[in-house]
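Chemist: I would like the atomic coordinates for the input below:
(one chain, ligands or ions: 2)
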Amino acid sequence: MVLLRTEHAEGDPDDGGIAHQTVRWPIPCHTVLTFHDPPSFPCGVVSLLPGTLLNGCAGTYRVVRALDKGGMGEIFVGRDLAGGREVAIKLQTARMFETTGEYGDYGGDLSQEFNRMRDILDVRGIPRVLDEGKVGRSGRRFLVMELVNGVTAAQWIEDNLPVPRAAAVSVIAQLCEILGRLHAKQYVHCDVTARNVMIQCDGSVRLLDVGISVPVGEAQPDPCGSPGYAPPEQHRGSELTPQVDVFSLGALLFQMLTGKLPYDGVEYPFDGTEQPFPGGLRAEIDKDLRALGLSMVSLDPLERPRAADELPEYLRRMLPAPGTCALPNATVPDPTAYYRHGLGEL
Ligand SMILES: Nc1ncnc2c1ncn2[C@@H]1O[C@H](COP(=O)(O)OP(=O)(O)OP(=O)(O)O)[C@@H](O)[C@H]1O
Ligand SMILES: [Mg+2]
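Modeler: Ligands and ions are numbered 1, 2, ... in the order given. The predicted structure is shown next:
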């Protein structure tokens, strides 16, 4: 049993109308709690019920169902009451032990994410941000974006491991196209991971979490990115360049082919002498793809293929040709379809 602080209905108006009460969790069945917002429950329990209405700045959204949980909050499928279309709603994690100020600061991160996504609107392959808002009086923020109909690359890899070569190359090539558009807007994504990539039913790839992108050439005071996918310069506070994303793409490529990230188990920060796959790389990967992957995860950014020209050039040679049929080992969904149907831009 844990003790929790919850928001209470008759709060102090100076604290945003919120008072705090310590209760036990699980809540004894005779306890009645009153909430002035839709109920918030801790750890792993979905905090908004289907049917809840959320008022954004540009529209109203009805919660349809919970979709996933991330580091910043929970993701729901919602319906835009004006247009009728389904949307994705990213909702700040419920307030638990934070002070009002701390909680507001975390919400500020989501708001910053919204502003950055607005800067990056209309990049093909990146879901558009549509709206933002706050839930009730707690100031819990949410943002509304286009819903991606598909599976995360993390789930797809788990279902198809080891991913066939043509499918793996098609995912990396589609991401390379999307990142090329993002880099052209002078942003580095900085967090390309299997959970931030989705594959739609038609095989086209979408890149999530662009709201945390960093302007090219900017240094981050705090380490950013995800362990295993982030290159050393992201942990050193160096200026960030598109080569950061090339490293993460290389890590993702190996994850698809082998189920392992190349620096799995290596402690951050890197000291520059580490080797990828210290325990050996036993998977059967053909020579060209293996050489490309290993160069992408070089610790020195200058040894990685350049994002703008070299990487697309190498990948182009490995892609399925337009007009060809799916291979017998095609995955579902099948990212090679994008190139086989002639939609690629590399
Ligand atoms: N627009 C969307 N359409 C469909 N699903 C989405 C969308 N955005 C996010 N998701 C789902 O929610 C998960 C978490 O989303 P997101 O990456 O934006 O949040 P996060 O807080 O950054 O999480 P993490 O720390 O895991 O990256 C995704 O892995 C995906 O499953
Ligand atoms: Mg994410």
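
Chemist: and the residue in the stretch 51-200 of the chain that ligand 1 sits nearest to, how many residues sit next to it?
Modeler: Closest to ligand 1 within the stretch 51-200 of the chain is Gly70: 2.1 Å, counting by Cβ to the nearest ligand atom. Bear in mind the C-beta positions are built from the backbone N, C-alpha and C, glycine included. For Gly70, the count of nearby residues is 14 (other Cβ atoms under 10 Å).

Chemist: for it, which residues are in contact?
Modeler: Lys90, Arg195 (Cβ atoms under 8 Å, 6 or more residues apart in numbering).

Chemist: which parts of the protein sit against ligand 2?
Modeler: Gly70, Asn196, Asp209 (Cβ under 5 Å from the ion).

Chemist: so where is the stretch 101-250 of the chain shaky, pLDDT-wise?
Modeler: By pLDDT under 70, the stretch 101-250 of the chain has no low-scoring segment.

Chemist: tell me the average confidence for stretch 299-309?
Modeler: Regarding stretch 299-309, the rounded mean pLDDT is 97.

Chemist: alpha carbons of that stretch, as PDB, please.
Modeler: Taking Å, rounded to 0.1, in the frame of the first residue of the first chain, the C-alpha atoms of stretch 299-309 are listed here in PDB:
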ATOM      1  CA  LEU A 299      31.200   7.300 -32.300                       C
ATOM      2  CA  ASP A 300      32.900  10.100 -34.300                       C
ATOM      3  CA  PRO A 301      30.100  12.000 -36.200                       C
ATOM      4  CA  LEU A 302      32.500  12.700 -39.100                       C
ATOM      5  CA  GLU A 303      32.900   9.000 -39.700                       C
ATOM      6  CA  ARG A 304      29.200   8.500 -40.200                       C
ATOM      7  CA  PRO A 305      27.700   8.900 -43.700                       C
ATOM      8  CA  ARG A 306      26.500  12.400 -44.200                       C
ATOM      9  CA  ALA A 307      22.700  12.700 -43.600                       C
ATOM     10  CA  ALA A 308      22.100  15.000 -46.600                       C
ATOM     11  CA  ASP A 309      23.700  13.100 -49.500                       C
END
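
Chemist: mind listing what's buried in it?
Modeler: Residues of stretch 299-309 classed as buried by neighbour count (16 or more other Cβ atoms under 10 Å): Leu299, Pro301, Arg304, Pro305, Ala307.
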